[in-house]
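Enquirer: here's my sequence, what's the structure:
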Amino acid sequence: MVESRLSAGHVHLIGCLGQGMQPLAQLYRSTGVRVTGCDSRVAERQGTAEAAELAIYGVCVTGHDPAHLGTDVDVVVHSVAVSVDHAELADARRRGIPVLTRAAALAKLLPRIADRTVAVSGVTGKSTTTALVAQLYRLLGQDPTLYLGCALPDDTPRSMADRAIGDIVGRDPIAVLEACEYQRGMLRYDADVATVTTSFWGEHTSTYPDAASLRDAFTQFLSAAPRAVVPDGEGDLLALPLRDRDRIITFGASQRADLRLTELRHTEQGFHARYAHHGQVIEARTRFSGRHNALNLAAALASHLAAGTPLTALQALTTYDRLRTPCRRLQLVGRVGGTDLYDDYAHNPVQFVAALKVLRHRYSGPIGAYYLPGGFGRLHAFGDGYLRALAQFDRVVLAPSRRGFEDSVSTPDESAFSERTVRRLRALRIPADIVPMDKLSLDIFDGCAAAGFFGAIRMNGILPGLLTSREHIVEANPTAIPR
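Expert: Model (predicted):
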């Protein structure tokens, strides 16, 4: 029923300015479907790159109103951030219009685009790994469709960031997609290769109340695909009851990994890594940094091997330095005085530590952190992990903690996260303060060599207001190496 309605027809997207919804809108338009969309943030996002891009693709974007459904909408697709009692959703259900989540809609759309799908899931690293898998295809002379819930820098290998407007679908029948685990969305996809990057528990606790529930979901995701890629020695994955070991490729730094990171040397421009697979060596020189990214690249290489890319092709590739990580992955965006400013998606302790390791390698001076805490389930699950991670910085500024879209209620203890964390950091003699986003000024990081602005919410709304002078803005891609 839904498939027949999508053969041409009209799709209406609710929450269309969300990161996962924008590429979905572009995919629909590229397959000849009329697309309209609405979002509660239309006014505040007016003139942004996201809104402009959707307009270029011919997607009409307005605020919420049940009247949008009119008489010709065939299917309604909504973001996971949209409440179940949303007026437009309620009206669609009342009128018998099919309603799909973003993941369900993408799952139905993929067979029309590709006959081979690589789906990448995981608690961290899935966006970067997905982007690397797709870019490797491009460097090897193929042109896949890429579904990614974040932006790529402008100098990404052509056909990812520089594809002609209106032509997001690749020439080759290959799809590479970021398969988010929230609400078990990754289970909707019929993947040929299923990759899990990391599996520790603590994110999306409304979906996964404990580690066992997360392990069960990843097991189902990996078991459903003909080929699977999993990290060796990461969390609980080795304990997953996966059948048919010969269909699985493991990656990591341990001796047991099928694709093993054997050498990692940081350079001024990025890193030089060697990977071993059954005695054969792949060498890669990149322009991005961090051991976590070396493992993300290992996951991408393993995904290619699982998908049938010859090992010799990966060995012969000499353009690994053209690979780019997504935006907001330790992206250098500004420089004020002697302080370099980075925008980063990190929002849990594991990600903080990974980002800090890169910054410590780049700078000898103090490193500061500004963090916008969000998602009470996450704050509760990681507990003292936040304190241990933030205590490794030299200067910490927190925004007041806030509810995330997954939170139904907040408790006084979770709401007081910022106040409690600042008190404990000060007890450790680490300079720490609480400063709301609208009160933040950059002189709070005076004396720091670099400062990271961390949080799942984009800092784009904060940093442009702070970087008021043109000389403060660094025109750089996310992998740029500072002085």
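Enquirer: now the helices for the stretch 251-400 of the chain?
Expert: Here the stretch 251-400 of the chain has its helices, by DSSP state H, counting those that start in this stretch, at 291-307, 311-316, 349-362, 376-382, 385-390.
Enquirer: now do the contacts for the closest residue in space to Pro366 that isn't next to it in sequence.
Expert: Closest residue to Pro366 apart from its sequence neighbours, by CB to CB, 6 or more residues apart in numbering: Asp394 at 3.7 Å. Where C-beta positions appear, they are placed from N, C-alpha and C, glycine not excepted. Residues near Asp394 by CB atoms under 8 Å, 6 or more residues apart in numbering: 366-368, 430-431, 448.
Enquirer: redo these as CSV? Include distance to Phe271 and pLDDT.
Expert: Shown next, in CSV, are those (distance: CB to CB, whole Å; pLDDT from 0 to 100):
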residue, distance to Phe271, pLDDT
Pro366, 24, 98
Ile367, 19, 98
Gly368, 24, 97
Ile430, 29, 97
Pro431, 31, 96
Cys448, 24, 96
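Enquirer: identify those among these that sit within strands.
Expert: 367-368 (DSSP state E).
Enquirer: in a markdown table: the contacts of Asp394, plus neighbour count.
Expert: Shown next, in a markdown table, are these (neighbours: other CB atoms under 10 Å):
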| residue | neighbour count |
| --- | --- |
| Pro366 | 16 |
| Ile367 | 23 |
| Gly368 | 23 |
| Ile430 | 17 |
| Pro431 | 16 |
| Cys448 | 22 |
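Enquirer: which one of the contacts of Asp394 is nearest Val336?
Expert: Val336 lies nearest to Cys448 out of these, by CB to CB, at 10.2 Å.
Enquirer: give me the below-cutoff pLDDT ranges for the stretch 101-250 of the chain.
Expert: Within the stretch 101-250 of the chain, the stretches with pLDDT under 70 are 154-168, 233-243.
Enquirer: which residue ranges form the strands in it?
Expert: Taking DSSP state E, counting those that start in this stretch, the strands of the stretch 101-250 of the chain run over residues 116-121, 145-147, 174-178, 193-196, 227-231, 248-252.
Enquirer: between the ones you listed, which one is closest to His380.
Expert: Go through the strands of the stretch 101-250 of the chain one by one with CB to CB and the one that ends up closest to His380 is strand 116-121, at 23.0 Å.
Enquirer: distance from the closest one to the middle of the chain?
Expert: The chain centre lies 14 Å from the centre of strand 116-121; the measure is CA atoms, centre = their mean, to the nearest Å.
Enquirer: okay, buried residues for that strand please.
Expert: 117-121 (16 or more other CB atoms under 10 Å).
Enquirer: export that strand as CSV, just CAs?
Expert: Taking C-alpha atoms only, strand 116-121 is exported to CSV below (Å, rounded to 0.1, in the frame of the first residue of the first chain):
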residue,chain,number,x,y,z
ARG,A,116,23.6,-3.7,-2.3
THR,A,117,23.4,-2.0,1.1
VAL,A,118,26.1,-1.4,3.8
ALA,A,119,24.4,-0.4,7.1
VAL,A,120,26.6,1.0,9.9
SER,A,121,25.3,1.1,13.4
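Enquirer: on that earlier part again, pick the most buried one from the helices of the stretch 251-400 of the chain.
Expert: helix 291-307 (a mean of 25; mean count of other CB atoms under 10 Å).
Enquirer: tell me what angle it forms with strand 174-178.
Expert: On the basis of axes from the mean of the first three to the mean of the last three CA atoms, to 10 degrees, helix 291-307 is oriented at 150 degrees to strand 174-178.
Enquirer: is it true that His266 touches His361?
Expert: Yes: assessed by CB atoms under 8 Å, His266 is found in contact with His361 at 5.7 Å.
Enquirer: which neighbours do those two have in common?
Expert: Ser289.
Enquirer: any regions of the stretch 351-483 of the chain where pLDDT drops low?
Expert: Under the criterion pLDDT under 70, the flagged ranges of the stretch 351-483 of the chain are 403-415, 456-483.
Enquirer: could you pull out the strands for it?
Expert: Under DSSP E, counting those that start in this stretch, the stretch 351-483 of the chain gives strands at 367-371, 395-398, 432-434, 450-454.
Enquirer: list the neighbouring strands of the first one plus their orientation.
Expert: Sheet pairing of strand 367-371 (DSSP bridges) gives strand 395-398 (parallel), strand 450-454 (parallel).
Enquirer: other residues contacting that strand?
Expert: Here strand 367-371 has contacts from 339, 347, 352, 356, 359-360, 390, 393-399, 435, 440, 444-445, 448-455, using CB under 8 Å, 6+ apart.
Enquirer: PyMOL command for the buried members of those residues?
Expert: Those of the contacts of strand 367-371 that count as buried under 16+ other CB under 10 Å are selected in PyMOL with:
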select buried, resi 339+347+352+356+359+390+393+394+395+396+397+398+399+440+444+445+448+449+450+451+452+453+454+455
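Enquirer: related to what we said a few turns ago, mind putting the contacts of Asp394 into JSON lines with distance to Asp39?
Expert: Supplementary listing: the contacts of Asp394 in JSON lines, determined by distance: CB to CB, whole Å:
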{"residue": "Pro366", "distance to Asp39": "39"}
{"residue": "Ile367", "distance to Asp39": "36"}
{"residue": "Gly368", "distance to Asp39": "33"}
{"residue": "Ile430", "distance to Asp39": "39"}
{"residue": "Pro431", "distance to Asp39": "39"}
{"residue": "Cys448", "distance to Asp39": "36"}
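Enquirer: so which of the contacts of Asp394 comes closest to Pro111?
Expert: Closest to Pro111, out of all of those and judged by CB to CB, is Ile367, at 46.9 Å.
Enquirer: gap between that closest one and Arg29?
Expert: For Ile367, the distance to Arg29 equals 43 Å [CB to CB, to the nearest Å].
Enquirer: same check on Ala449?
Expert: Distance from Ala449 to Arg29, by CB to CB: 45 Å.
Enquirer: likewise for Tyr189?
Expert: On the measure of CB to CB, Tyr189 and Arg29 end up 21 Å apart.
Enquirer: same question for Ile282.
Expert: Distance, Ile282 to Arg29, by CB to CB: 37 Å.
Enquirer: same deal with Gln331?
Expert: For Gln331 relative to Arg29 (CB to CB), the value is 28 Å.
Enquirer: more neighbours, these two?
Expert: Using other CB atoms under 10 Å as the criterion, Gln331 and Arg29 rank with Gln331 on top: 24 against 21.
Enquirer: got a pLDDT number for the more buried one?
Expert: Looking at Gln331, its pLDDT stands at 87.
Enquirer: who touches stretch 107-114?
Expert: Contacts of stretch 107-114 (CB under 8 Å, 6+ apart): 2-3, 6, 24, 27-28, 31, 100, 117, 144-145, 169, 173-175, 177, 188-190.
Enquirer: and Thr309, how many neighbours?
Expert: Neighbour number of Thr309 under other CB under 10 Å is 18.
Enquirer: can you tell me which residues contact it?
Expert: Thr309 makes contact with 136, 140, according to CB under 8 Å, 6+ apart.
Enquirer: now Thr262
Expert: Residues counted as contacts of Thr262 (CB under 8 Å, 6+ apart) are 274-276, 281.
Enquirer: again, only using 10 Å
Expert: Listed by CB atoms under 10 Å, 6 or more residues apart in numbering, the contact partners of Thr262 are 253, 255, 273-276, 281-282.
Enquirer: PyMOL command to pick out the buried ones of the residues you listed?
Expert: To isolate the buried members of the contacts of Thr262 in PyMOL, using 16+ other CB under 10 Å:
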select buried, resi 253+273+275+282
